[in-house]
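Novice: Okay, here's the prediction I keep looking at, along with the sequence it came from:
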Amino acid sequence: MCAALSLRAPWVGRVLQRHAAAAPAFVRANLEGPQTNKLLTLVIINDGARVLLGRKKRGFGEGYYNGFGGKVEAGETVWQAAERELLEEACITAEDMKEAGVLVFTFDDNPQPWEVHVFSATKYRGEPTETDEMAPVWFNHAEVPFDKMWADDVHWYPAFLQHKYFRGVFGFRETTKLTWHVLEEGEE
Ligand SMILES: Nc1nc2c([nH]c(=O)n2[C@H]2C[C@H](O)[C@@H](COP(=O)(O)OP(=O)(O)OP(=O)(O)O)O2)c(=O)[nH]1
């Protein structure tokens with residue numbers, strides 16, 4: 001069923017094969033379609049007790065909290081994009097950035113899957129500063145405001161906070177309603 005998957009990451013096909021029976025048809029159609037993934041980055045500073053998030057000040061998701069990141073632009077690597085977006089949105093540079101996990105989002109109202117590369121860092125240079133886009137706020141690990149975050153976040157933050165590498169595939173209906181997901185922890 002998943003033999004024709006055209007994703008960059010073969011693990012997505014393997015995850016789906018393991019869970020195909022339960023995956024909604026739109027998730028499989030999305031991932032088996034011709035569209036390459038839209039690549040995005042997300043950087044979350046985690047000092048061991050707290051995470052640094054930004055409150056989005058404008059546009060889609062206004063008022064919601066997230067790490068810092070955005071689309072990977074032509075000619076840059078995922079790492080370069082992660083560093084650029086962190087500087088643009090929070091005015092800081094991570095000193096010990098590492099890959100924390102990968103999330104693939106599928107939508108019943110958009111055939112293109114989104115592939116978000118999540119990074120963590122404990123140290124940074126500069127002072128987190130409010131920008132046009134984001135207002136930085138620290139949250140204790142036990143007080144991460146999931147009711148004001150994307151619906152998938154509550155599922156993968158536990159692995160993130162425990163420094164476990166994670167891979168997730170998520171299915172959203174009508175852009176924001178999370179209807180199906182699988183999450184696997186650890187390297188494959
Ligand atoms: N926590 C979390 N982050 C997500 C999810 N989906 C998703 O795109 N993101 C992240 C990835 C990016 O960091 C950010 C979306 O990027 P963006 O559209 O603001 O990209 P951008 O800064 O390049 O956009 P723009 O200013 O050019 O409009 O949200 C999700 O479900 N959960």
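Specialist: All right, it came through fine.
Novice: Show the contacting residues for the spatially most central residue of the chain.
Specialist: Centroid-nearest residue in the chain: Val116, 4.1 Å away (criterion: CA atoms, centre = their mean). Residues in contact with Val116 (CB atoms under 8 Å, 6 or more residues apart in numbering) are 40-42, 69, 102-105. Using the backbone N, CA and C atoms, a C-beta is placed for each residue, glycine as well.
Novice: ok, now with 6 Å
Specialist: By CB atoms under 6 Å, 6 or more residues apart in numbering, the contact list for Val116 reads 40, 42, 103.
Novice: Please apply the same query to Ala81.
Specialist: Applying CB under 6 Å, 6+ apart, the residues contacting Ala81 are 41, 72.
Novice: Val182 pairs with what?
Specialist: Beta-bridge pairing of Val182 under DSSP bridges involves Val169.
Novice: thought it was touching Arg167?
Specialist: No. At 8.7 Å, Val182 does not count as touching Arg167 under the criterion of CB atoms under 6 Å.
Novice: Mind checking which of the two has more residues around it?
Specialist: Counted by other CB atoms under 10 Å, Val182 and Arg167 do not tie: Arg167 has more neighbours, with 22 against 18.
Novice: Which strand or helix spans that one?
Specialist: strand 166-173 (DSSP states H and E).
Novice: which of the residues in that strand are buried?
Specialist: For strand 166-173, burial by neighbour count (16 or more other CB atoms under 10 Å) applies to 166-172.
Novice: can I get the residues you listed in JSON lines with pLDDT?
Specialist: Formatted as JSON lines, the buried residues of strand 166-173 follow (pLDDT from 0 to 100):
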{"residue": "Phe166", "pLDDT": "95"}
{"residue": "Arg167", "pLDDT": "94"}
{"residue": "Gly168", "pLDDT": "95"}
{"residue": "Val169", "pLDDT": "95"}
{"residue": "Phe170", "pLDDT": "97"}
{"residue": "Gly171", "pLDDT": "97"}
{"residue": "Phe172", "pLDDT": "98"}
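Novice: Please identify which of those is nearest to the ligand.
Specialist: Phe170 (7.0 Å; CB to the nearest ligand atom).
Novice: Please identify which of the buried residues of strand 166-173 is nearest to Arg28.
Specialist: Taking CB to CB as the measure, Arg28 lies nearest Gly171 of the buried residues of strand 166-173, at 9.4 Å.
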